[in-house]
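*Asks:* after the sequence you'll find the predicted model.
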There are 2 protein chains.
Amino acid sequence: MTHVSFIPLRPDVPSESPHERRDAARNRERLLSAARELVDEFGAEALTMDALACKAKVGKGTVFRRFGSRAGLMMTLLSDSESEFQRGFMFGPPPLGPGAPPRDRLVAFGEGRIYFILENGDLWKAAGASTRNRFEAPPTALAHRHVEMLLREAGIPDPWVMAMALIAALDPDRIVNDVRVHGISPKRLTDSWGELVRRLVPSA
Amino acid sequence: MTHVSFIPLRPDVPSESPHERRDAARNRERLLSAARELVDEFGAEALTMDALACKAKVGKGTVFRRFGSRAGLMMTLLSDSESEFQRGFMFGPPPLGPGAPPRDRLVAFGEGRIYFILENGDLWKAAGASTRNRFEAPPTALAHRHVEMLLREAGIPDPWVMAMALIAALDPDRIVNDVRVHGISPKRLTDSWGELVRRLVPSA
């Protein structure tokens, strides 16, 4: 009943010669790093296809061919950050990565997730990620599967459903709303997450 | 920092004579019970302003004057159900209402909320309640305040933030998604909620 699909996070690059592929990859990286500079400087709302074309000194058509749309560009930026965070919890050093008890890994996962969301909140919003496929987007599904695996390891009953509840507590819209609308500090969010996990999962 | 506002859930009725007011209230109830019959029979998606006017044998203009729009009508139906649920946890018999330990009241609250959501899921969706003011709508704010109060009573640290996490776990979109997309039974949802609360809140 769980459908976790590993849809590639980046659009496919059509088959080209090795030389063309290298060029395309270089161009893509150049465009993405120009986009990241624009976001860092002016915020995600200010990142338009025009502004990116101008900043990267390419035609607007090139930007559209590469990313399809503004939302596509935002999604690509977000996916790059997601991939980094995913590498962290799947293969990185403990306690986020393998090697620590599930309780500690869960605490580290939530803390990392909260900071990841707060760093990428604008991007998230601009990509429309909060309304499209909130529950079924590949990063959410992967995060859910990770939390489910840790809860199972810790002996929590029905870990699939419990993981859904915990992932909901880390919902990006909620985290951003708590911080921006209610002025809750990130530390209060991570402390409360730690409290929740430590009470839920007995220490080994 | 918490802003809980008791915005009236129903649109104001303009000032009229007692006789006119009685008539208006009667008409309103007649329209709402016709609307409920349509929803029960054909689902919320099938409830249109035309269908309601036809069923209640009034002009379409009357339906629009009373509810403003289709979403307004859905909101009114939803508010009526919400009010009933709210009376239950604020003034009803224990363990949902006052008189039971906070731990038991929390368990009963989540169970009641999950069934309420599943009964009203279509209405919720049709009212656009899931996208508009997801976090700040009066019913959500009231539910949050209730859970916060119980967590404080139970001695949980930072009950405001913890209540936000628990309310997220009861998010209507998530509950409906778990049941409809993943085929999770309501019983698994309420069992998992009970498990979460019993581990979070020590027994008195």
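*Replies:* Received it, and whenever you're ready, just let me know what you need. Since this is a predicted model, take the numbers as computed values, not measurements.
*Asks:* can you give me the helices for chain A?
*Replies:* A:18-42, A:49-56, A:60-67, A:70-91, A:102-126, A:138-153, A:159-169, A:172-182, A:186-200 (DSSP state H).
*Asks:* break chain A into its domains for me.
*Replies:* The record's domain parsing of chain A by automatic domain parsing lists A:13-68, A:77-200.
*Asks:* re the thing from before, a markdown table please, covering the helices of chain A and showing mean pLDDT.
*Replies:* Below are the helices of chain A laid out as a markdown table (pLDDT from 0 to 100):
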| stretch | mean pLDDT |
| --- | --- |
| helix A:18-42 | 86 |
| helix A:49-56 | 93 |
| helix A:60-67 | 91 |
| helix A:70-91 | 88 |
| helix A:102-126 | 90 |
| helix A:138-153 | 91 |
| helix A:159-169 | 97 |
| helix A:172-182 | 91 |
| helix A:186-200 | 98 |
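*Asks:* just put the ones you listed in TSV and tack on mean neighbour count and distance to chain B.
*Replies:* Using the backbone N, CA and C atoms, a C-beta is placed for each residue, glycine as well. Formatted as TSV, these follow (neighbours: other Cβ atoms under 10 Å in any protein chain shown; distance: least, Cβ to the nearest Cβ, whole Å):
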stretch	mean neighbour count	distance to chain B
helix A:18-42	14	25
helix A:49-56	17	26
helix A:60-67	16	26
helix A:70-91	17	17
helix A:102-126	20	10
helix A:138-153	19	10
helix A:159-169	23	4
helix A:172-182	18	5
helix A:186-200	19	4
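*Asks:* in TSV: those, plus distance to B:S79.
*Replies:* As requested, those are exported to TSV (distance: least, Cβ to Cβ, whole Å):
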stretch	distance to B:S79
helix A:18-42	40
helix A:49-56	43
helix A:60-67	43
helix A:70-91	34
helix A:102-126	29
helix A:138-153	31
helix A:159-169	24
helix A:172-182	22
helix A:186-200	31
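*Asks:* one step back: so which of the domains of chain A is nearest B:I167?
*Replies:* For those, the distance to B:I167 is smallest for domain A:77-200, at 8.6 Å, taking Cβ to Cβ.
*Asks:* report the distance from that closest one to the chain centre.
*Replies:* 9 Å (Cα atoms, centre = their mean, to the nearest Å).
*Asks:* measure it end to end?
*Replies:* One end of domain A:77-200 sits 34 Å from the other (Cα to Cα, to the nearest Å).
*Asks:* residues contacting the spatially closest residue to A:E153 that is not a sequence neighbour?
*Replies:* Leaving out its chain neighbours, the residue that sits closest to A:E153 by Cβ to Cβ, 6 or more residues apart in numbering or on different chains is A:P102, at 4.3 Å. When contacts are counted by Cβ atoms under 8 Å, 6 or more residues apart in numbering or on different chains, A:P102 touches A:L150, A:L151, A:E153, A:A154, A:V201.
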